[in-house]
Each structure stands twice: as C-alpha cells, then as structure tokens.
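Engineer: All I have is the shape, not the residue letters:
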C-alpha cells in the first residue's frame, strides 16, 4: 500500500508520527542550538532480514543484532522526491520507502519508544539547529557538545543496543542460518588478516574478531 507523503520538517511543532503503513516521519525533539554542524535531513531507520552484524555489548561479550541503515529524507537522494513549491530541507520519501520495502527492507516505526541516556524517549530522532539556522537530525543516542570551537558527541551505546534488540525481537524474523555462515566466513578472513598483520594491535584485533565468531557459533547450534 502506498505510503502517504512525509510531512516536512520546520521550526514549528515536529509532532507527526510514523507507524507501519503511515507517514514515515520521526518525532524530533529540539536540542540547544548553534552547533557548527552540517545540515542533515530527517530520516527513518530500516532493517533487512539479510543484514546482521556482531556488536560488543559489554563485559567482553558480543551479540548478533540487526545492522540498520538510514533512509534520509534528502530530496534527490535514493529516490526521495523534491516537494514542489517547498523550499524545505526534507523531500518526500514515500516512493523511496516503498521501493526499499519491495526489496525486503522493513521500516522501524519512527515513534518507537526507546531509552537514551537513561531517559524514555518517544521517537529515535532529534535535531539541533546549527550556527547557520539549518537543522541537523541525529539519533537520540548521540548528543553534541562544544569543546572550544570543536564539536564532540556523547554516545549512548547501551541504549542503542537495547534498540537493536527491540528490532531483532519485534521487527525481523529469526536470522537465516546461511546469513550466520556467511558472516562467520567473513570474520574468519578478517581474523586471519589481523593475525598476520605487522601492526601492534594485530593480535589483539584477531582475538576480538574470534570472540565475535564464537558469538555466532552460539546461536548457530
């Protein structure tokens, strides 16, 4: 079923929501302004049954979780259409979203309730206004701050991992065993290259990759 065109972001409310089959528009929350960041469009996260990776989840443990991609609402990119008569940052992602869905991608509802920096959030996108009055849309697990004239980011990896677990449980079907085999083969190749590397961290990197391989083996039994 075609998706209704996305509502444009503006300096006003940002209150539209997205669920499956409706407007793919996030619920951005405005943060402090004036950061020297490049402008970036609103976006929606998408998952695919064939795209997984092994993520560090703390205490030396690793877990197989979905490898997400962003569908950014930038007009002229990835099939996002410009909006006639509108001079706004976001285009209409309806056609692009439909094309992705026909290729097996699944949109993660942008009004999903998540946890970021220990706080509950409705929606995984927020925005900051940059020093040129434009908008930079970020995930709620990254927050910019200034140090001198440079921008740095606080990142909540634990909150993002929780979100990936939600996607694994509620959005995607169980990972196909052949995906696990292919991922394991790729990691074995990388481990071999790291082990034979002359760099100081080669051996350590190989050990980290082998730990990821063991995580795959556990779910493949």
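Structural biologist: Thanks, I have the structure now. Computed from a predicted model, the values in this text were never measured in an experiment. Numbers count the residues shown, from 1 in each chain.
Engineer: Validate this expectation: residue 64 resides in a strand.
Structural biologist: Yes: using DSSP: H, G, I helix; E, B strand; the rest coil, the assignment for residue 64 is a strand.
Engineer: Could you give me the buried positions within the stretch of helix or strand residue 57 belongs to?
Structural biologist: Using DSSP states H and E, residue 57 maps to strand 52-58. By neighbour count on 16 or more other CB atoms under 10 Å, the buried set for strand 52-58 is 52, 54, 55, 57. For the C-beta atoms, the positions are set from N, CA and C on the backbone; glycine is no exception.
Engineer: What is the nearest of those residues to residue 213?
Structural biologist: Nearest to residue 213, judged by CB to CB, of the buried residues of strand 52-58 is residue 54 at 8.0 Å.
Engineer: and that closest one, bridged to which residues?
Structural biologist: Going by DSSP bridges, residue 54 is paired in beta bridges with residue 64.
Engineer: cool, the one 4 residues further on as well?
Structural biologist: Partner residues in beta bridges with residue 58: residue 61, with DSSP bridges as the criterion.
Engineer: Quick check: the residue lying farthest from the centre of the chain vs residue 190, distance?
Structural biologist: In the chain, counting by CA atoms, centre = their mean, residue 198 sits farthest out from the average C-alpha position, at 33.6 Å. Residue 198 is 16 Å from residue 190, where distance means CB to CB, to the nearest Å.
Engineer: Let me see the contact set for residue 34.
Structural biologist: Neighbour list for residue 34: 129, 130, 131 [criterion: CB atoms under 8 Å, 6 or more residues apart in numbering].
Engineer: what do you get if the cut-off is 6 Å, keeping everything else the same?
Structural biologist: Counting by CB atoms under 6 Å, 6 or more residues apart in numbering, residue 34 makes contact with residue 131.
Engineer: ditto for residue 57
Structural biologist: Counting by CB under 6 Å, 6+ apart, the residues that residue 57 touches are 63, 161.
Engineer: go on, the one 3 residues further on?
Structural biologist: Contacts for residue 60 (CB under 6 Å, 6+ apart) come out as none.
Engineer: rerun that using 7 Å as the cut-off
Structural biologist: Residues counted as contacts of residue 60 (CB atoms under 7 Å, 6 or more residues apart in numbering) are residue 211.
Engineer: Give the rounded mean pLDDT of stretch 63-70.
Structural biologist: Mean pLDDT, computed over stretch 63-70, is 96.
Engineer: hmm, I was thinking of stretch 154-161
Structural biologist: 97.
Engineer: Show me how the protein divides into domains.
Structural biologist: With domains defined by automatic domain parsing, the chain comprises 43-170, 177-220.
Engineer: can you map out the strands along the chain?
Structural biologist: 43-47, 52-58, 61-66, 69-72, 106-107, 113-116, 119-122, 125-129, 135-139, 142-147, 150-155 (DSSP state E).
Engineer: buried stuff in the third one?
Structural biologist: Using 16+ other CB under 10 Å as the test for burial, strand 61-66 gives 62, 63, 64, 65, 66.
Engineer: Tell me the spacing between residue 219 and residue 162.
Structural biologist: In terms of CB to CB, residue 219 sits 18 Å off from residue 162.
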